[in-house]
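Participant: Need coordinates for the following:
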Amino acid sequence: MALDFDRPRQLTQELLPHFMTRKQGSILNLASSYELRAVNVSAVAKASIVMWSKQLSVQVGRYGITVNCLQPGLIDTENIRPFFVGDERRKFADREIPIGDFGEPQDMANMAVFLVSPRARYITGTVAVVDGGMRHHPF
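Facilitator: This is a model prediction of the structure:
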């Protein structure tokens, strides 16, 4: 809970006064759209960060600050690879991900850069899901 919810919240609280003074800023929190299908603390913390982001966006919008949340699906990283090896990966992707493959880190980076750019100035309180259509996110 501390890593997934408390730390992002504490960092945001440190930055908010600076953003408010400047009358601009972008906060992008990271959640997850793929958790084990059982109750676990990580899933609860990630859901908390999503709801907190939505609520915070209402409070700070008048200061020109946007708050959004990024929910990745299965992104091809070193942390994920041990769980999906060889043919197992292809079968899983074909069965569960409409695009048919795991995402790349660049897919996440593209969305993150957009959400904190001036082009996204009217997007706040939203959850951007980058999951290839997998849709295992709760909301």
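
Participant: So for the lengthiest strand in the chain, mean pLDDT?
Facilitator: Longest strand in the chain, counting residues (DSSP state E): strand 65-72. When pLDDT is averaged along strand 65-72, the result is 96.

Participant: Contacts for it, please.
Facilitator: 16, 19-20, 24-34, 49-50, 53-54, 56-57, 60, 103, 108, 111-112, 115, 120-121, 123-131, 137 (CB atoms under 8 Å, 6 or more residues apart in numbering). C-beta: built from backbone N, CA, C; applies to glycine.

Participant: cutoff 6 Å now
Facilitator: The contact list for strand 65-72, computed with CB atoms under 6 Å, 6 or more residues apart in numbering, reads 19, 25-31, 33, 50, 53, 56-57, 108, 112, 115, 124, 126-130, 137.

Participant: and the angle from the longest helix anywhere in the chain to strand 65-72?
Facilitator: Longest helix in the chain by number of residues (criterion: DSSP state H): helix 41-60. Interaxial angle, helix 41-60 versus strand 65-72 (axes from the mean of the first three to the mean of the last three CA atoms, to 10 degrees): 160 degrees.

Participant: what helices or strands is helix 41-60 leaning on?
Facilitator: For helix 41-60, the packing partners by 3 or more CB pairs under 6 Å, 6 or more residues apart in numbering; DSSP states H and E come out as strand 65-72.

Participant: Check which strands are paired with the strand it packs on and give the direction for each one.
Facilitator: Sheet pairing for strand 65-72, assigned by DSSP bridges, gives strand 25-30 (parallel), strand 127-130 (parallel).

Participant: hey, which helix or strand in this protein has the poorest pLDDT?
Facilitator: Ranked by mean pLDDT, DSSP states H and E, the helix or strand of the chain with the weakest confidence is helix 41-60, at a mean of 90.

Participant: what's the distance between that one and the middle of its chain?
Facilitator: Put simply, helix 41-60 sits 10 Å off its chain's centre (CA atoms, centre = their mean, to the nearest Å).

Participant: With stretch 76-83 instead?
Facilitator: 18 Å.

Participant: now what about that stretch, what contacts it?
Facilitator: Counting by CB under 6 Å, 6+ apart, 74, 102, 104 sit against stretch 76-83.

Participant: Cool, thanks, talk later.
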